[in-house]
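**Q** Attaching a predicted model along with its sequence, questions to come.
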Amino acid sequence: MGELVSSYYQFNAGSTNYPKLQGTLDTDVCILGGGFTGLSSALHLAQAGMKVVLLEANRIGFGASGRNGGQIVNSYSRDVDHIAARYGQAAGDAMAAMMFEGGEIIRQLIEQYQIDCDYVPGGAFVAMNAKQMQHLEAQQRLWQQHGNQQLTLLDRNALADIVSSDRYVGGLSDGLSGHIQPLKLAQGEARAIQSLGGQIFEQSPVTRVERGKTVQVHTALGSVNARYLVVGANAYLTHVLPELSKRNMPCGTQIITTEVLGEARCRELLPANYCVEDCNYLLDYYRTTADHRLLYGGGVVYGARDPADIERLIRPKLEATFPSLKGVKIDFSWTGNFLLTLSRLPEFGRLDNNIYYMQGYSGHGVTCTHLAGKVAAEALTGQAGRFDVFAKLPHLPLLGGRALQIPFTALGAAYYNLRDKLGI
Ligand SMILES: Cc1cc2nc3c(=O)[nH]c(=O)nc-3n(C[C@H](O)[C@H](O)[C@H](O)COP(=O)(O)OP(=O)(O)OC[C@H]3O[C@@H](n4cnc5c(N)ncnc54)[C@H](O)[C@@H]3O)c2cc1C
């Protein structure tokens, strides 16, 4: 059982303090994990009138949901043209019909429950070379075709209104993107669940799941009897359901946050206050915060946990993008894990018909976790169609199991790093 990782978000938002589960409870749905997957599931289920109990091993937002870049990125880690080409037009079309919905859900929840999470609309993808620019042109066509009319291609000059950096040849802005303080969003969603009668327990790691017609979910001090269990533990899943943890690669990505730079300096760097991510496989992502710091993330290094190491890894990237910040003081550094699948597509599915799981967003989870919770709630209330669109996508096993996951991650990172350097 742990507290939140020390980060800018924890400094800025503090921590929740829900009780530990003690004794036995009966409920319709037990939810394992207090990140966006679990929170969105609980919230949508509670909205539909279901009785929910959410169990979080640590604190709300302990995992990637309370540590991420806060970027609302649309679509999926693999885009819908790839899904159509690989898995058939019907799968591509069905996934395309949901590709902008996650962001919409976040905006709706913020509005409906008045969640103060520093939401700012607007984001941009930036290209390091002509090949990446061609990719962004194709992405604009594809996303427009599926209904996003808020996309603008930017040449080097036009991009200067969004990012003051010489590193890029151009970009693509997306008005349906934007950024949030993710820990504040998670905490606001938890409050919304409670306001609908849902129960939340923290510092209550699930230690054992007894399967059956009623699922019995055990913690050290209590248990929950539920008709359904929803598992949203992603890269932080402990060994309670080995079928889920064995086939994916937990990957670490790191973020640093500068001292307060002031509004004027922040607007010199990012004039439109958009969030930005580049098109590399091992991408850099950054934005400014409500109190006018630069928050900069990048790389994929498994398990770099020492803040000094993190600063050593990420500072050179920040300074390459913004040379005027050379030597800037870094106030916060932290790492977080996300789950990469072999297909780079999310894995949704069922075990025994009453245990539902959603995981493996492969780095782009802020929007898809919110969609996941909504479609899982639909499935548990009798409309499984959209959940099954995801569930039918292939789940590719990782050869070698858990023992080889970390070496594979390191190998994969080296491979992608080389591809980025060669511009292929
Ligand atoms: C540093 C970083 C930056 C990122 N930036 C972005 C970004 O800008 N945009 C974007 O779209 N995506 C981003 N991502 C990915 C995104 O954050 C994740 O895909 C998403 O938050 C996953 O949410 P989740 O709820 O599925 O899992 P998590 O948020 O990881 O939550 C899982 C929770 O399950 C709990 N848990 C585990 N085991 C148990 C148990 N046995 N009992 C009870 N609870 C348990 C954990 O304590 C944890 O709180 C980033 C990820 C990282 C790490």
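**A** Yes, it's here.
**Q** Please determine how far residue 219 is located from residue 243.
**A** 20 Å (C-beta to C-beta, to the nearest Å). Placement of C-beta: from N, CA and C, glycine included.
**Q** between those two, who's got more neighbours?
**A** residue 219 (19 against 10; other C-beta atoms under 10 Å).
**Q** Can you identify each of the helices in the protein by residue range?
**A** If DSSP state H is used as the criterion, the helices of the chain fall at 8-13, 36-47, 80-87, 89-96, 101-112, 130-145, 156-159, 182-195, 242-245, 263-269, 307-321, 366-380, 385-391, 405-422.
**Q** Tell me which residues touch the residue in the chain that the ligand sits nearest to, please.
**A** Distances between the chain and the ligand by C-beta to the nearest ligand atom are smallest at residue 365, namely 1.8 Å. By C-beta atoms under 8 Å, 6 or more residues apart in numbering, the contact list for residue 365 reads 36-37, 64-65, 68, 234, 338.
**Q** Mark which of the residues you listed are buried, thanks.
**A** The neighbour-count test (16 or more other C-beta atoms under 10 Å) marks 36-37, 64-65, 68, 234, 338 as buried among the contacts of residue 365.
**Q** and those, which two are the farthest apart?
**A** Farthest pair in the buried ones among the contacts of residue 365 (C-beta to C-beta) is 37 and 68. Separation: 12.7 Å.
**Q** Is stretch 122-136 in proximity to the ligand?
**A** No: judged by C-beta under 6 Å from any ligand atom, stretch 122-136 and the ligand are separated, with a smallest distance of 9.4 Å.
**Q** For that stretch, buried residues please.
**A** Across stretch 122-136, burial judged by 16+ other C-beta under 10 Å covers 122-129, 132-133, 135-136.
**Q** Of the residues you listed, which is the nearest to residue 207?
**A** Distances from residue 207 to the buried residues of stretch 122-136, taken by C-beta to C-beta, are shortest for residue 123, at 39.8 Å.
**Q** Quick check: bridge partners of that closest one?
**A** residue 174, residue 275 (DSSP bridges).
**Q** re earlier: ok, which pair from the buried residues of stretch 122-136 is furthest apart?
**A** Largest separation among those by C-beta to C-beta: 122 and 129, giving 23.9 Å.
**Q** contacting residues for the closest residue to residue 273 other than its chain neighbours?
**A** Sequence neighbours aside, residue 120 is the residue nearest to residue 273 in space, at 5.5 Å (criterion: C-beta to C-beta, 6 or more residues apart in numbering). The neighbours of residue 120, taking C-beta under 8 Å, 6+ apart as the test, are 178-180, 273-275.
**Q** ok, now residue 46?
**A** Here residue 46 is in contact with 52, 193, 196-198 (C-beta under 8 Å, 6+ apart).
**Q** per-residue pLDDT, it?
**A** With respect to pLDDT, residue 46 scores 98.
**Q** Pull up the gap between the residue nearest to residue 273 and residue 287, please.
**A** In terms of C-beta to C-beta, residue 120 sits 8 Å off from residue 287.
**Q** anything in contact with each of the two?
**A** With C-beta under 8 Å, 6+ apart, residue 120 and residue 287 have common neighbours 179, 273-275.
**Q** ok, and the most crowded of those?
**A** That'd be residue 179 among the shared contacts of residue 120 and residue 287, by other C-beta under 10 Å, with 29 neighbours.
**Q** still on that earlier bit, among the buried ones among the contacts of residue 365, which one sits closest to residue 383?
**A** Closest to residue 383, out of all of these and judged by C-beta to C-beta, is residue 37, at 18.7 Å.
**Q** Give me the distance between the closest one and residue 347.
**A** From residue 37 across to residue 347, the span is 12 Å (C-beta to C-beta).
**Q** And for residue 216?
**A** Residue 216 is 24 Å from residue 347, by C-beta to C-beta.
**Q** So the two - more neighbours on which side?
**A** Between residue 216 and residue 347, counting by other C-beta under 10 Å, residue 347 is the more crowded of the two (23 against 16).
**Q** So which of the contacts of residue 365 sit within strands?
**A** Secondary structure from DSSP state E places residue 338 of the contacts of residue 365 in strands.
**Q** With distance to residue 93 and pLDDT as extra columns, can I get the contacts of residue 365 in CSV?
**A** Formatted as CSV, those follow (distance: C-beta to C-beta, whole Å; pLDDT from 0 to 100):
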residue, distance to residue 93, pLDDT
36, 26, 98
37, 24, 98
64, 29, 97
65, 29, 98
68, 29, 98
234, 27, 96
338, 27, 92
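**Q** quick revisit: turn the shared contacts of residue 120 and residue 287 into JSON lines, including distance to residue 151 and pLDDT.
**A** Converted to JSON lines, the shared contacts of residue 120 and residue 287 look like this (distance: C-beta to C-beta, whole Å; pLDDT from 0 to 100):
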{"residue": "179", "distance to residue 151": "17", "pLDDT": "98"}
{"residue": "273", "distance to residue 151": "18", "pLDDT": "98"}
{"residue": "274", "distance to residue 151": "13", "pLDDT": "98"}
{"residue": "275", "distance to residue 151": "15", "pLDDT": "98"}
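**Q** filter the residues you listed down to the ones near the ligand?
**A** Answer for those near the ligand: none qualify (C-beta under 6 Å from any ligand atom).
**Q** closest to residue 320 among the residues you listed?
**A** Using C-beta to C-beta, those come closest to residue 320 at residue 275, 18.2 Å.
**Q** For that closest one, which residues are in contact?
**A** Contacts of residue 275 (C-beta under 8 Å, 6+ apart): 69-72, 120, 122-124, 177-179, 285-287.
**Q** hang on, isn't residue 136 packed against residue 277?
**A** No: if you go by C-beta atoms under 8 Å, residue 136 and residue 277 don't touch, sitting 11.5 Å apart.
**Q** Can you work out which residues contact both of these two?
**A** What both residue 136 and residue 277 touch, as defined by C-beta under 8 Å, 6+ apart, is the set residue 125.
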